[in-house]
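Asker: pasting the sequence and the predicted coordinates here, then a few questions.
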Amino acid sequence: MDAYRAITDRIETLGRERGLSFDPVYFRMTDSDEIAEVASMGLPNRFIHWYWGGAYKELVLQQNKELFSILELVLNTTPSHAFLRRSNTYLQNVLVIAHVFGHVDFFRNNHWFAKSNKNMLNQAEAHARQIRKYEGLYSREKVEALLDALLTVAGTVNAFERSSTERRKRVVYYLEEKAPLDPWEQHMLQMIREESEYFDLIQRTHIINEGWATFVEAELLRDILDTPAWTSLSVQLSNRPAPYTIGHALFQRIKHERGFDSTLQTRTYYEDVRLIDEVLTDDLVRSLDLFVYDPKEKQKSYDLQQVKEMLITQKLYKGEPHVEVEPSSSPKELLLVHQEEDKKLDPKRVGLFLKAVHSLWRNPVRLRANGKVYVFDRRGFSTS
Amino acid sequence: MRIHRGHIAQHKHDLLLREYLKQHLNELIQQKELIIDGRVKTQLATLDLPTLKYGEDAPVLARGTGQGGRGGGGAGSGGGDDEIQMLGGLLGGDHHGRELKVELDFDEFVRLAQEVLLEEIHLPVFHEPSRTGEVQTDALPDLDDLDRIGLRPDLNLEETMLQALMRNIRERGMAEYDVELTQDGWYFIEDPAAYENHRSLEVYVLDISGSMRGEYLALVRKTIFVLWYYLERRYPTNLRRYVVFQDVANEKTRDEFFCVESSGGTHISSGFEKAMDLLQGVTEHDKFLFLFTDGETSSGDFDLAKRRYEEALGRFDLVCYGHVNPGGRGIGGFSEFVQEAVRRLPRATFANLTDAEAIRKAMEEFLEFFTPERAGGARWTRTAPSPTASKP
């Protein structure tokens, strides 16, 4: 890291001069393999699950074929840990360092991130140890089956929701409160829920966080890079994945219309839904080539309202169908209802999903969706 | 030292994948088109958590990319006038709403299938010969020739690239330099005679007349995968050629060979003829012919097929004839002739492939070819020129 010490200090100083502030950052030089590993697991010391293995395998495959590579990775912890790829060029790592400072400023200053668990690295380690302990006590097979079911419902967390009535509509919270689980199973559920909430926050601020980091990267490096390097960066910025380019375009718009100080305000108080709702305009939808695509009709719609609604729904439910717990006529029964009647669920997955929920609820589970009622009880899966 | 959690997680994932393959191997292996774009089509393309997802027809938020879906922001998808990119970026540890594709390429499929078959069939153990050819020495020998086995620093890049190109054309029908050293490596060496018994030529000939489908194909492919398991352990480099025949025979790429369209009559003679054509210019030490058919040769071809079979026996080191017979019916037609012939002719084996158990028996016979007695002593020394390098 010695080769980067001077430039790191310069970028940090420049950032502070522009009104950014940071918790300490530990940069570490590593290889693509470790970056793929951390990216697939979310945290370097998280419990090991086959599902991360699939993600890891896919990432490594894509990196080997040079279809895609992760240039950087930074963890929302205090202190922050950032990984730089050893095989990056000097210039690439300079871009990454500036980008990381953007993230670290966001972690420290964003209102929503202030509530996040900055100790997650240690907590994930404690969870992993506890899970290994449970494997010893209750058998690996039992623990793995439970983990599969818990990870299946973990996507229903909502790290932003404070109303207990609203939270109870989400499967994972309802199960935590009411499912007849043994104490160790209950503890497993809590651990998975906590980790999922940590990632939920990252997911819901993905566009604003990546957009801000990209914006900071460009703002700081404009003063540092020579003309050829700056030109190269400008080309790269427009080729990055969607959350980066959308977020970056939104911050550029704010700076253009309201000035730089307003971008600082936005990074402090906004999350993705508010940023999209307030800043996304017709002309940005067009220039970013954002659209709602109907695969049945093979048609694109650039309607601002439609695009906004879809982006916001994706944020609220992580792209998964919006399913809520509703009061059931029988206290033993768990009734789930898909709230978007106009959209069909993939019927092949319904039985497996209900089986996972049933393994936690241990009583009949019903799902109203696709104009049908799907049931999973002790006799198995059926449709009525 | 770091614990490679990614590798451990992948191992867990692969165990599940293997379990899936174990349960579905038979149905997967008999797909008419086994390889598409170098990958094996599976009913379950993903090994996923069973979260709920929208059906395929549901509208999605997307973005035009104009760059073929590159960039890693999500799965690319065709449709409309240009490439579109589904939105939903990659996030550490949170892959919900994002389909993970387990890319099962053909080589990986074969490796997993071999594992499953070895366990299922209880195949005989093959004692791998030690690689005494790859010793280190302080002396600096004169490296004035080329061969397909040698010390890694002596790699001949030009010849290796050329071989890679040829292999990719042969296997996938694509002119690409995708080097696999075990397959393509050519090295500067002292004396090619010292290494010649490290190489094999394997010609696979498949009858694709009307009946060759379903369980028939499954048996052929399982047998080939098991053969590969042994041959890859015996020979550092395997040159494989593929032929299919019905009324006429044609050489195919590997990918085409595993995507057969069965129809037409059965001229077994044409299969033998084409296989012998492929011996032109071949320098490999051991030459194998594996022919798979249900034995019902078309009328008028019987005598010619007999003659070509006998000629093939004279030109290959071993001609393995697989009578594909999943129903376990009596053996008649050309297969009956071959079954009789192997009792009196050297360099010939016959396998009545009725089920997995028959594959095991066939392998026992096949492995006899490698016994030291038959091979004329140890076949893996580098102390050439020695009698071991020449034919027994």
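Answerer: Okay, I see it.

Asker: so which helix or strand takes in the residue in the stretch 51-200 of chain A positioned nearest to chain B?
Answerer: Distances between the stretch 51-200 of chain A and chain B by C-beta to the nearest C-beta are smallest at A:G53, namely 3.2 Å. Every residue, glycine included, has its C-beta placed from N, CA and C. Using DSSP states H and E, A:G53 sits in helix A:50-64.

Asker: distance from that helix to the middle of the chain?
Answerer: 17 Å (C-alpha atoms, centre = their mean, to the nearest Å).

Asker: helices or strands up against that helix?
Answerer: helix A:32-41, helix B:5-29 (3 or more C-beta pairs under 8 Å, 6 or more residues apart in numbering or on different chains; DSSP states H and E).

Asker: what's the burial count for A:K348?
Answerer: A:K348 has 11 neighbouring residues, counting by other C-beta atoms under 10 Å in any protein chain shown.

Asker: over to A:T205?
Answerer: Residues near A:T205, counting by other C-beta under 10 Å: 30.

Asker: can you tell me the closest non-neighbouring residue to it?
Answerer: A:E271 (5.1 Å; C-beta to C-beta, 6 or more residues apart in numbering or on different chains).

Asker: who touches that neighbour in this structure?
Answerer: By C-beta atoms under 8 Å, 6 or more residues apart in numbering or on different chains, the residues touching A:E271 are A:N110, A:W112, A:F160, A:R204, A:T205, A:I208.

Asker: which ones are touching the last one?
Answerer: By C-beta under 8 Å, 6+ apart, the contact list for A:I208 reads A:F106, A:N110, A:G247, A:L250, A:T266, A:R267, A:Y270, A:E271, A:D272, A:L275.

Asker: SS state for it?
Answerer: Counting by DSSP: H, G, I helix; E, B strand; the rest coil, the backbone at A:I208 sits in helix.

Asker: where do the strands sit along chain A?
Answerer: Using DSSP state E, the strands of chain A run over residues A:25-30, A:72-75, A:80-85, A:290-294, A:299-301, A:323-326, A:334-338, A:365-369, A:372-377, A:380-383.

Asker: the second one - contacts with which helices or strands?
Answerer: To tie it back to what came earlier, the one meant is strand A:72-75. Against strand A:72-75 (3+ C-beta pairs under 8 Å, 6+ apart) you get helix A:32-41, strand A:80-85, helix A:90-109.

Asker: follow-up on the earlier one: dump the strands of chain A to JSON lines, plus mean neighbour count and mean pLDDT.
Answerer: JSON lines is the format used below for these (neighbours: other C-beta atoms under 10 Å in any protein chain shown; pLDDT from 0 to 100):
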{"stretch": "strand A:25-30", "mean neighbour count": "15", "mean pLDDT": "93"}
{"stretch": "strand A:72-75", "mean neighbour count": "22", "mean pLDDT": "87"}
{"stretch": "strand A:80-85", "mean neighbour count": "21", "mean pLDDT": "92"}
{"stretch": "strand A:290-294", "mean neighbour count": "21", "mean pLDDT": "88"}
{"stretch": "strand A:299-301", "mean neighbour count": "16", "mean pLDDT": "89"}
{"stretch": "strand A:323-326", "mean neighbour count": "18", "mean pLDDT": "95"}
{"stretch": "strand A:334-338", "mean neighbour count": "20", "mean pLDDT": "96"}
{"stretch": "strand A:365-369", "mean neighbour count": "21", "mean pLDDT": "96"}
{"stretch": "strand A:372-377", "mean neighbour count": "18", "mean pLDDT": "96"}
{"stretch": "strand A:380-383", "mean neighbour count": "12", "mean pLDDT": "94"}
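
Asker: need the contact list for the closest residue to A:V216 other than its chain neighbours.
Answerer: Leaving aside its sequence neighbours, A:V216 sits nearest to A:G102 (C-beta to C-beta, 6+ apart; 3.2 Å). Contacts for A:G102 (C-beta under 8 Å, 6+ apart) come out as A:L20, A:W212, A:A213, A:T214, A:F215, A:V216, A:E217.

Asker: what's downstream of the helix or strand containing B:Y204, the next helix or strand?
Answerer: Using DSSP H and E, B:Y204 maps to strand B:199-207. The C-terminal neighbour of strand B:199-207 among helices and strands, as given by DSSP H and E, is helix B:215-234.

Asker: residue of the stretch 101-250 of chain A nearest chain B, please.
Answerer: Distances between the stretch 101-250 of chain A and chain B by C-beta to the nearest C-beta are smallest at A:P241, namely 3.2 Å.

Asker: what pLDDT does that residue get?
Answerer: As predicted, A:P241 sits at a pLDDT of 78.

Asker: which bits of the stretch 101-250 of chain A sit near chain B?
Answerer: Within the stretch 101-250 of chain A, the positions near chain B by C-beta under 8 Å from any C-beta of the partner chain are A:148, A:151-152, A:154-155, A:195-196, A:199-200, A:202-203, A:206, A:210, A:239-243.

Asker: among the contacts of A:G102, which ones are in helices?
Answerer: A:W212, A:A213, A:T214, A:F215, A:V216, A:E217 (DSSP state H).

Asker: in the stretch 51-200 of chain B, where is pLDDT below threshold?
Answerer: B:65-103, B:127-141, B:192-197 (pLDDT under 70).

Asker: for PyMOL, what selects the buried ones among the residues of the stretch 101-250 of chain A next to chain B?
Answerer: Applying 16 or more other C-beta atoms under 10 Å in any protein chain shown to these, the buried members can be selected in PyMOL as follows:
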select buried, chain A and resi 148+151+152+154+155+195+196+199+200+202+203+206+210+240+241+242+243
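
Asker: does B:R240 sit in a helix, a strand or a coil?
Answerer: strand.

Asker: give me the nearest residue to it, chain neighbours excluded.
Answerer: Nearest to B:R240 is B:E202, by C-beta to C-beta, 6+ apart, at 5.0 Å.

Asker: let me see the contact set for the one you found.
Answerer: B:L227, B:L231, B:N238, B:L239, B:R240, B:R241, B:F288, B:F290.

Asker: and it, what are its bridge partners?
Answerer: B:R240, B:F288 (DSSP bridges).
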